[in-house]
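>>> turn this into a structure:
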Amino acid sequence: MRAGDRTPVAFFLDPETTARRGQLDIARRWIRTVTLAETIGFAVPAIVGVSTAASSPAVALPALVAAGAVEGAILGWGQASVLRRTLPGLSKTRWISATAAAAAFAYVLGMAPSTWASGITRWPGVATIATMSILGVAILLSVGTAQWFALRAHVANASRWIPLTAVAWLVGLVAFLGFVMPLWHQGQSMPLTMGIGILGGLLMAATTSTVTGLGLRLVLPR
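Below you'll find the predicted structure:
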């Protein structure tokens, strides 16, 4: 190739190598963008949760559900911003709305044992464990299922997105709880408690975005 030749290097690569590089580029962009979006988004319920910890369920539940919807909207915006580069026909509005609704639903279920369905904790042991397990599975599947409705018209393997996101959120929540639980103590100041929660949210965001980012190749067209 002559010194002045500006022909793209990708022209000389085989299609498989070019596709692999494209997938890596999307994965890197996804991990950066989605980690930032989820970190910012999760800061909202983290702050609201600490602020309403001593409030009645009638106050805490709607406040956290609304905060969860904001988190979902910000997360959805970050995800859609990356996906649209590969799937230009994807509706950004629909993706954001689906993610916000799913996040709000997940918060409703997540707060069930301490608010609107607190009686669950007083049921016989087996019934409590079974119900809590069902709620946990529903929470893990909520975001991926809602996003599947927006994704299925654009990719053939859209159904893979549901288990992929469920695994990502499971790993992310384990990372979050493993970080914050040893650090949260009774009598801590509100700013410190919020700060721990936000840092834990950053860890969760990085974990979930990495898992989903690396798994995008299983869903997106090559």
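>>> do I have it right that Phe179 meets Gly200?
Yes. Using C-beta atoms under 8 Å, Phe179 is in contact with Gly200, at 4.6 Å. All C-beta atoms are positioned from the backbone trio N, CA, C, and that covers glycine.
>>> tell me which of those two has more neighbours.
Set Phe179 next to Gly200 and count neighbours by other C-beta atoms under 10 Å: Gly200 wins out with 21 against 18.
>>> for Ser97, see how far away that one is.
Gly200 sits 27 Å away from Ser97, taking C-beta to C-beta, to the nearest Å as the criterion.
>>> Val59 too?
Val59 is 26 Å from Ser97, by C-beta to C-beta.
>>> ramachandran coordinates for His185?
phi -140, psi 150 (degrees, to the nearest 10).
>>> give me the number of residues near it?
His185: 9 neighbours (other C-beta under 10 Å).
>>> for the protein, what spans make up the strands?
Secondary structure of the chain (DSSP state E): no strands located.
>>> who touches stretch 55-73?
Contacts with stretch 55-73, where a contact means C-beta atoms under 8 Å, 6 or more residues apart in numbering, come from 38, 41-42, 44-45, 47-49, 51-53, 96-97, 99-104, 106-108, 111, 114-116, 118, 143.
>>> show the average pLDDT along it.
If you average the pLDDT over stretch 55-73, you get 96.
>>> next, the buried residues of stretch 155-168.
By neighbour count on 16 or more other C-beta atoms under 10 Å, the buried set for stretch 155-168 is Val155, Ala158, Arg160, Trp161, Ile162, Leu164, Thr165, Ala166, Val167, Ala168.
>>> please name the nearest non-neighbouring residue to Gln147.
With sequence-adjacent residues excluded and distances taken as C-beta to C-beta, 6 or more residues apart in numbering, Gln147 is closest to Ala98, at 5.6 Å.
>>> so who does that neighbour touch?
So Ala98 contacts Gly76, Ala146, Gln147, Phe149, Ala150 (C-beta under 8 Å, 6+ apart).
>>> next: Glu38.
Residues near Glu38 by C-beta under 8 Å, 6+ apart: Glu71, Ile74, Leu75, Gly78, Gly201, Met204, Ala205, Thr208, Ser209.
>>> picking up where we left off before, neighbour-wise, which of Val59 and Ser97 wins?
Ser97 (17 against 11).
>>> could you measure from the more buried one over to Ala69?
Separation of Ser97 from Ala69 (C-beta to C-beta): 10 Å.
>>> one more: Leu135?
Taken as C-beta to C-beta, the span from Leu135 to Ala69 is 19 Å.
>>> next one: Ala156
The gap separating Ala156 from Ala69 is 30 Å, by C-beta to C-beta.
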